[in-house]
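Asker: sequence first, then the predicted structure, then my questions.
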Amino acid sequence: DAKTTQPTSMDCAEGRAANLPCNHSTISGNEYVYWYRQIHSQGPQYIIHGLKNNETNEMASLIITEDRKSSTLILPHATLRDTAVYYCIVGSYPGSSNTGKLIFGQGTTLQVKP
Amino acid sequence: GAVVSQHPSWVICKSGTSVKIECRSLDFQATTMFWYRQFPKQSLMLMATSNEGSKATYEQGVEKDKFLINHASLTLSTLTVTSAHPEDSSFYICSASNSGRADTQYFGPGTRLTVL
């Protein structure tokens, strides 16, 4: 699976959009980009995933560059409860024999401030 | 959404004893379960993948005789840390999936193990 690079930490003001970048320059054509987050001392929570098109759900938006070498997770209106470690993971496509396996990197610690 | 529970949520044991951690999918059948370990201020490390009714597949560097995994039913997987030592103290997290897909992988709340 491709390796990802994320900033170690970021701050965001409450109510503002939080934009979390991720580099995955070695991503292969059939690999998806997944985002999970982990609030302190809890299990990770799935946020969103995508292949090449931008995606949006009730939690966030995912913008993937045309060359797929990087992506940005957007939390449109960050709240204090969004303070967490955010993991960008490149993983096998759904339906592959290696599907489901998630290799976590160091992630980005997002601190939302009042 | 789907719920995964772990029991116990925390455990303290003496060095040399064995500890069993349970992971249950409460409202769905989990064909695949994953076990992770997380040391303080570090990321999650995948330990093994288990499919119901078959032997677990361990990641490189994880001792299968020390970390025994049993996935005997579609709703329960157990991780037994045998002959635990202080260096095994960690946060153990399981996840479960009914499709094998990464986007439908639901994580448990974790178990904090402290070995004295």
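Answerer: Looks like it arrived, so ask away.

Asker: quick one, what contacts residue A:53?
Answerer: residue A:64 (CB atoms under 8 Å, 6 or more residues apart in numbering or on different chains). All C-beta spots, glycine's among them, are computed from the backbone N, C-alpha and C.

Asker: report pLDDT for residue 65.
Answerer: No chain in the question, so chain A it is. With respect to pLDDT, residue A:65 scores 96.

Asker: you answered for a different chain; I wanted chain B.
Answerer: 95.

Asker: how about it, secondary structure?
Answerer: coil (DSSP: H, G, I helix; E, B strand; the rest coil).

Asker: tell me the centre residue of the chain?
Answerer: Answering for chain A, as no chain was given. residue A:35 (3.1 Å; CA atoms, centre = their mean).

Asker: not quite, go with chain B.
Answerer: Note: chain B centre (CA atoms, centre = their mean) maps to residue B:35, 3.6 Å.

Asker: list the contacts for that residue?
Answerer: B:23, B:46-48, B:50, B:67, B:69, B:77, B:79, B:92-94.

Asker: just give me the closest of these to residue B:13.
Answerer: For these, the minimum distance to residue B:13 (CB to CB) is 12.8 Å, reached by residue B:92.

Asker: what sits closest to the closest one if chain neighbours are left out?
Answerer: residue B:111 (4.8 Å; CB to CB, 6 or more residues apart in numbering or on different chains).

Asker: quick one, phi psi at whichever residue of chain B sits closest to chain A?
Answerer: Nearest residue of chain B to chain A: residue B:107, at 3.3 Å (CB to the nearest CB). With angles defined as degrees, to the nearest 10, residue B:107 sits at phi -100, psi 150.

Asker: burial of it, as a residue count?
Answerer: 23 (other CB atoms under 10 Å in any protein chain shown).

Asker: ditto for residue A:79
Answerer: Counted with other CB under 10 Å, residue A:79 comes out at 13.

Asker: that one touches residue A:13, doesn't it?
Answerer: No. Using CB atoms under 8 Å, residue A:79 is not in contact with residue A:13, being 10.8 Å away.

Asker: quick check, the host helix or strand of residue B:71 touching chain A?
Answerer: Secondary structure assignment for residue B:71, by DSSP states H and E: strand B:67-73. No. Counting by CB under 8 Å from any CB of the partner chain, chain A has no neighbours in strand B:67-73; the shortest distance is 13.7 Å.

Asker: give me the buried stretch members for that strand, please.
Answerer: B:67-69, B:71 (16 or more other CB atoms under 10 Å in any protein chain shown).

Asker: where does pLDDT dip in the chain?
Answerer: Unless you meant another one, I'm taking chain A. Along chain A, the model assigns pLDDT under 70 to residues A:1-2, A:93-99.

Asker: should've been chain B
Answerer: Per-residue confidence for chain B (pLDDT under 70) gives these ranges: B:1, B:100, B:102.

Asker: could you rerun that using 50?
Answerer: Within chain B, no range satisfies pLDDT under 50.

Asker: any common contacting residues for residue A:79 and residue A:13?
Answerer: With CB under 8 Å, 6+ apart, residue A:79 and residue A:13 have common neighbours residue A:112.

Asker: can you show me the helices along chain B?
Answerer: With helices called from DSSP state H, chain B shows none.

Asker: can you list the residues of it near chain A?
Answerer: Near chain A, when you scan chain B using CB under 8 Å from any CB, you find B:4, B:32, B:34, B:36, B:42-46, B:49, B:91, B:93, B:95, B:97, B:99-110, B:112.
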